[in-house]
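# sequence unknown, structure follows:
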Ligand SMILES: O=C(O)CCC(=O)C(=O)O
Ligand SMILES: [Fe+2]
């Protein structure tokens, strides 16, 4: 007699990722809400594929580890040419540098980080009120800008505030951070104007060239909050990406976790009290005809008990319908334009319809 054949009945429903993502989004309280609920393991929607995880680099680095350059902006008074050269060098290689002596009062750096932290640590119902994916009036609180496009979600929440050319109405900006965001914006405008002048000179152009293209006017601020992650080796804080805009001015707290991809591999952007981190975006790589380079960067999931806070302001041209491409002064028969012309609308639509996992500029290569 043959033995009875066991029939295995699988009662567990197959895992429905799309449903889990939607349910998470509908909580409207982000990763912070999960942490507050006491999760000890990260939900499966946050687990990244093995190829992403294998490449993460968390180990402590030796003292001799490479670092991104630090430029002393205060030295402009002594030797402007030397500062232009340091910035040109950084912008044309790693695409990332830190600036010190930028003139922003230390207490404003501290207050801005504290205000963004306070926004994210408000009672859940206060955050949920501004949780939305559309920028609408110019303020939106979301977890993962690419939540519905990405293969895996990241351990991070964000408040986005439009600062220009049409800024969010100040009454729309949550009161806990309103004053600080507005003061911060003024300082970013001042510092980025100086940086564009130095970057223009580094390209051999007149100091006003980049600024006159309106590259300080289109501004969006993001205030990121990276809560403690119980399983930091299974996810990331922010996927590897290059910023699409012209220039990014970033303020980070003391926790660390930001890394940039260089010829020597991924290196840490070490928190320096009072420094601002500056990076070149794809747009500036294109208009400089690759004299300046945007770089891939990412943030590791935060394993510290203290949350990590960072505030980035993305600087873009204000005119979204104008045609942009490599500047004619930077192209020649020996160095023809590497990219075709495009409008910022076309460029940004391409960026936001995909996962944050790489460069968008390959779509704009000249055929
Ligand atoms: O949080 C950080 O340090 C980096 C943020 C960033 O790269 C971005 O918002 O594009
Ligand atoms: Fe970025």
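Here it is on my side, so go on. This structure is a prediction, so every number in the text was calculated from the model and none was measured. Ligands and ions are numbered 1, 2, ... in the order given.

# what's the single longest helix in this protein?
helix 178-202 (DSSP state H).

# any idea which element the residue nearest to residue 297 when sequence neighbours are not counted lies in?
The shortest distance from residue 297 to any residue other than its chain neighbours is 4.5 Å, reached at residue 260 (C-beta to C-beta, 6 or more residues apart in numbering). C-beta here means a position set from N, CA and C on the backbone, and glycine is covered the same way. In this assignment (DSSP states H and E), residue 260 forms part of strand 258-262.

# what does whichever helix or strand comes after that strand rub up against?
Later in the chain than strand 258-262, the nearest helix or strand by DSSP H and E is strand 265-268. Contacts to strand 265-268, defined as C-beta atoms under 8 Å, 6 or more residues apart in numbering, come from residues 55, 57, 61, 65, 66, 67, 68, 256, 258, 259, 260, 298.

# Relative to ligand 1, which of those residues is nearest.
For the contacts of strand 265-268, the minimum distance to ligand 1 (C-beta to the nearest ligand atom) is 3.8 Å, reached by residue 258.

# what sits against the closest one?
250, 252, 268, 269, 277, 297, 298, 299, 310.

# again, but for residue 197
207, 208, 210, 211.

# which stretches of the stretch 251-367 of the chain form strands?
For the stretch 251-367 of the chain, the strands defined by DSSP state E, counting those that start in this stretch occupy 258-262, 265-268, 276-280, 297-300, 308-316, 323-324, 342-343.

# what does the stretch 151-300 of the chain put close to ligand 1?
Within the stretch 151-300 of the chain, the positions adjacent to ligand 1 are 222, 224, 238, 243, 250, 252, 258, 297, 299 by C-beta under 6 Å from any ligand atom.

# In terms of helices and strands, where is the third one?
In this assignment (DSSP H and E), residue 238 forms part of strand 236-241.

# That strand versus strand 258-262: what angle between them?
Counting by axes from the mean of the first three to the mean of the last three C-alpha atoms, to 10 degrees, strand 236-241 points 30 degrees away from the direction of strand 258-262.

# next one: strand 236-241 to chain centre, how far?
9 Å (C-alpha atoms, centre = their mean, to the nearest Å).

# list the helices and strands it packs on?
If you count contacts as 3 or more C-beta pairs under 8 Å, 6 or more residues apart in numbering; DSSP states H and E, strand 236-241 packs onto strand 218-226, strand 297-300.

# Save those as JSON lines, and put in mean pLDDT too.
Listed next are those as JSON lines, based on pLDDT from 0 to 100:
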{"stretch": "strand 218-226", "mean pLDDT": "97"}
{"stretch": "strand 297-300", "mean pLDDT": "97"}
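
# can those go into TSV with extra columns for distance to residue 116?
Shown next, in TSV, are these (distance: least, C-beta to C-beta, whole Å):
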stretch	distance to residue 116
strand 218-226	4
strand 297-300	15
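
# okay if I get these as JSON lines plus mean neighbour count?
As requested, these are exported to JSON lines (neighbours: other C-beta atoms under 10 Å):
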{"stretch": "strand 218-226", "mean neighbour count": "23"}
{"stretch": "strand 297-300", "mean neighbour count": "24"}
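
# picking that back up, name every strand pairing with the strand holding residue 260 and say which way it goes.
strand 265-268 (antiparallel), strand 297-300 (antiparallel) (DSSP bridges).

# Flag every buried residue along that strand.
258, 259, 260, 261, 262 (16 or more other C-beta atoms under 10 Å).

# again, but for stretch 32-45
So for stretch 32-45, counting by 16+ other C-beta under 10 Å, buried means 32, 33, 34, 35, 42, 45.

# Return the member of those nearest to residue 118.
Compare each of the buried residues of stretch 32-45 with residue 118 using C-beta to C-beta and the shortest gap goes to residue 32, at 12.4 Å.

# so the closest one is in which element?
helix 30-36.

# Let me know the average pLDDT across that helix.
For helix 30-36, mean pLDDT is 98.

# Return the distance of that helix from the chain's centre.
The answer for helix 30-36 is 21 Å, by C-alpha atoms, centre = their mean.
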